[in-house]
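show me the folded form of this:
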Amino acid sequence: VVPADAAGRVLLISAGNPTSGPLPDIAGSLAAAGVPIDVAAVGYDRSALVRIDDIAVPAWVRDGDTIACRIVMHAGRPASGRLTLLLNGEPVDLDPDSPSLAARVDLPPGPTVLSQSIRLPSGPVHRIAAVFEPDDPAASIPQLLRAEGVTFTSDQVRVLILAEDPPQAEPLLAALNADN
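As a prediction, the model looks like this:
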């Protein structure tokens with residue numbers, strides 16, 4: 001890159017987010033050749049943006065269970081919009097009193113935690129996604145407005161009780177049935 005009879009420098013301008021390419025290899029080659037690398041960091045002020053920080057769902061539940069989804073959002077300033085939950089790619093009705101499936105959300109500045117119960121259909125794996133659509137499109141960037149979680153399910157538990165005297169097994173059977 002730099003002629004052998006010339007001194008050179010490389011100015012790397014970066015936001016600090018890796019994209020693509022062999023940057024560590026190139027930087028190592030330049031350093032080995034004695035070429036200094038200057039770095040200019042580009043900062044972004046994201047303090048006023050809306051984002052979904054997390055969606056928390058249980059890792060394992062029984063088939064057909066109802067789960068609690070916890071959505072953690074953050075707004076740098078007051079913001080409003082519509083929150084959609086997707087279960088296996090299909091919208092969950094968060095607003096049964098209106099034709100819209102999404103829920104209207106008003107966010108104060110700072111963190112906000114929202115909870116929603118979802119009954120899972122039969123199946124071994126369920127993908128749950130939270131998507132926020134702000135009323136003001138300039139309030140965020142799309143990559144910050146979606147979070148996903150996965151819940152695995154197992155079949156309902158079956159227990160085989162073998163007993164020479166069935167009445168003696170009745171307390172165990174009663175305890176198992178009481179705990180569902």
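
all the strands of this protein, in order from the start?
With DSSP state E as the criterion, the chain has strands at 10-14, 37-41, 50-56, 60-62, 66-75, 79-87, 90-91, 103-107, 110-119, 125-134, 146-154.

adding distance to Ala175, mean pLDDT and mean neighbour count, write these out as a markdown table.
Glycine gets a C-beta too; all of them are placed from N, C-alpha and C. Shown next, in a markdown table, are those (distance: least, C-beta to C-beta, whole Å; pLDDT from 0 to 100; neighbours: other C-beta atoms under 10 Å):
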| stretch | distance to Ala175 | mean pLDDT | mean neighbour count |
| --- | --- | --- | --- |
| strand 10-14 | 62 | 81 | 12 |
| strand 37-41 | 62 | 82 | 10 |
| strand 50-56 | 31 | 95 | 18 |
| strand 60-62 | 18 | 91 | 12 |
| strand 66-75 | 23 | 96 | 18 |
| strand 79-87 | 33 | 96 | 19 |
| strand 90-91 | 38 | 96 | 12 |
| strand 103-107 | 40 | 95 | 17 |
| strand 110-119 | 27 | 95 | 13 |
| strand 125-134 | 30 | 96 | 18 |
| strand 146-154 | 21 | 93 | 15 |
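
make TSV from those and add distance to Gln168 to it.
Converted to TSV, the strands of the chain look like this (distance: least, C-beta to C-beta, whole Å):
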stretch	distance to Gln168
strand 10-14	73
strand 37-41	73
strand 50-56	44
strand 60-62	28
strand 66-75	36
strand 79-87	45
strand 90-91	49
strand 103-107	53
strand 110-119	38
strand 125-134	40
strand 146-154	29
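
nearest to Ala4 among the ones you listed would be which one?
Closest approach to Ala4 among the strands of the chain is made by strand 10-14 (16.0 Å; C-beta to C-beta).

direction included, what does the closest one pair against?
strand 37-41 (parallel) (DSSP bridges).

dump the strand it pairs with to PDB, restricted to CA.
The C-alpha trace of strand 37-41 is given here as PDB (Å, rounded to 0.1, in the frame of the first residue of the first chain):
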ATOM      1  CA  ILE A  37      -2.300   3.300  12.400                       C
ATOM      2  CA  ASP A  38      -4.300   6.200  13.700                       C
ATOM      3  CA  VAL A  39      -7.900   5.600  14.800                       C
ATOM      4  CA  ALA A  40     -10.600   8.200  14.700                       C
ATOM      5  CA  ALA A  41     -13.700   7.000  16.500                       C
END
